[in-house]
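> here is my input; please provide its structure:
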Amino acid sequence: MGLKRFKPTTSSLRFTVISDFSDITKSKPEKSLLRPLKKTGGRNMYGRITSRYRGGGHKRRYRIIDFKRNRHDDPAEVIGIEYDPNRSARIALIQYQDKTKAYILAPIDLKPGEKVVSTIEKEVEIKPGNCMPLHRVPLGTAVHNIELKPGKGGQIVRSAGTSAQIMAKEGDVAFIRMPSGEMRKIPINCCATIGQVGNVEHESQSLGKAGRMRWLGRRGRVRGVVMNPVDHPHGGGEGKAPQGNPHPVTPWGKPTKGFKTRKRKKYSNDNIVRRRVNKRGTV
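Numbering: from 1, shown residues only. Have a look, this model is predicted:
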């Protein structure tokens with residue numbers, strides 16, 4: 001697992017930094033775990049664009065990931081580590097004793113040939129890839145793919161290079177420090193997978209050119225200040241005019257660029273012990 005840089009023979013290669021895919025051990029996906037994936041172009045069921053600057057991109061097929069890990073006390077062997085075009089993390093193909101195969105998120109240091117297991121009641125080894133309830137995980141352990149409700153499947157800490165840390169346990173809740181620095185309470189009988197998600201150097205990659213962004217299905221984003229007044233509140237003016245608006249807004253007049261949109265009375269506020277801290281040192 002590493003990064004690949006190029007000699008600047010062209011202007012686009014000068015800044016290109018991509019993965020060398022050295023951690024990939026299996027090139028072709030498992031056909032039984034693939035499903036068709038239809039593109040939306042950012043449009044909803046009525047055909048209206050709800051997410052701008054989406055469209056095109058390479059054809060993909062969805063890999064069915066086992067986020068629940070509900071085959072308890074049934075060890076599985078890791079067959080290989082694969083690339084998944086639908087997420088930043090790598091995925092691992094595992095096979096149970098009855099020859100059933102499944103995909104899981106691949107943590108760091110998980111190698112083909114190793115055994116992983118999911119459990120609720122039994123004691124298993126604390127090693128990357130094993131899944132167990134939070135009350136069985138020692139304090140200070142790095143975990144990922146954490147459930148928010150028992151049995152629902154992992155919902156948080158699933159992107160490349162991320163991990164959460166168990167800071168304390170009190171009663172029926174565990175205090176988890178999230179990758180953002182937020183401290184959160186999670187029911188202690190929720191399951192989590194041991195280890196840090198692989199492909200740690202994903203955030204150090206640089207696409208290098210606009211075309212690679214289009215391969216991912218992302219179209220160019222246009223600034224509001226270069227639009228016309230009919231298209232954006234920041235648009236218009238003679239020459240290269242500033243936005244003019246004392247507070248940056250969206251095309252529909254909603255405040256943006258740092259404006260907090262979280263509801264004041266959101267149901268999950270009671271589970272947040274300490275808010276995340278941004279780069280400026282403020283919450």
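> mind listing the helices in this structure by residue range?
For the chain, the helices defined by DSSP state H cover 210-215.
> domains for it, by residue range?
Here the domain assignment for the chain is 3-202, 223-283, based on automatic domain parsing.
> pLDDT weak spots in this protein?
Low-confidence segments of the chain, defined by pLDDT under 70, are located at 1, 278-283.
> out of the domains of the chain, which one sits most buried?
For these, the stretch with the most neighbours on average is domain 3-202, a mean of 16; neighbours defined as mean count of other Cβ atoms under 10 Å. For glycine as for every other residue, the C-beta is placed from the backbone atoms N, C-alpha and C.
> okay but Gly140 is in contact with Ile166, surely?
Yes - the pair formed by Gly140 and Ile166 meets the contact definition of Cβ atoms under 8 Å, at 6.6 Å.
> right, and Ala241 touches Val225 too?
Yes - taking Cβ under 8 Å as the contact criterion, Ala241 and Val225 are neighbours in contact, 7.0 Å apart.
> next one: stretch 215-229 to chain centre, how far?
Mean-position distance between stretch 215-229 and its chain equals 24 Å (Cα atoms, centre = their mean, to the nearest Å).
> CA atoms of that stretch as CSV?
Taking only C-alpha atoms (Å, rounded to 0.1, in the frame of the first residue of the first chain), the coordinates of stretch 215-229 have been written out as CSV:
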residue,chain,number,x,y,z
TRP,A,215,-14.4,9.4,-14.5
LEU,A,216,-15.7,9.4,-11.0
GLY,A,217,-19.0,11.0,-12.1
ARG,A,218,-18.3,14.5,-10.8
ARG,A,219,-18.8,17.4,-13.2
GLY,A,220,-17.1,20.8,-12.9
ARG,A,221,-18.4,23.1,-10.1
VAL,A,222,-19.1,26.7,-11.1
ARG,A,223,-18.7,29.6,-8.6
GLY,A,224,-21.7,31.7,-7.9
VAL,A,225,-19.8,35.0,-8.4
VAL,A,226,-19.3,34.2,-12.1
MET,A,227,-23.0,33.6,-12.8
ASN,A,228,-25.7,36.0,-13.8
PRO,A,229,-28.0,37.5,-11.2
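> relative to Gly211, which of the domains of the chain is closest?
Comparing those against Gly211 with Cβ to Cβ, the closest turns out to be domain 3-202 (7.7 Å).
> sorry, back to before: can you put the domains of the chain in a markdown table and add distance to Gly217?
Compiled in a markdown table, the domains of the chain are given as follows (distance: least, Cβ to Cβ, whole Å):
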| stretch | distance to Gly217 |
| --- | --- |
| domain 3-202 | 3 |
| domain 223-283 | 21 |
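> tell me which of those sits nearest to Trp215.
Closest approach to Trp215 among those is made by domain 3-202 (5.3 Å; Cβ to Cβ).
> for the residue lying farthest from the centre of the chain, phi and psi?
The C-alpha centroid of the chain is most remote from Glu238, which lies 42.5 Å away (Cα atoms, centre = their mean). Dihedral angles of Glu238 (phi, psi; degrees, to the nearest 10) stand at phi -90, psi 130.
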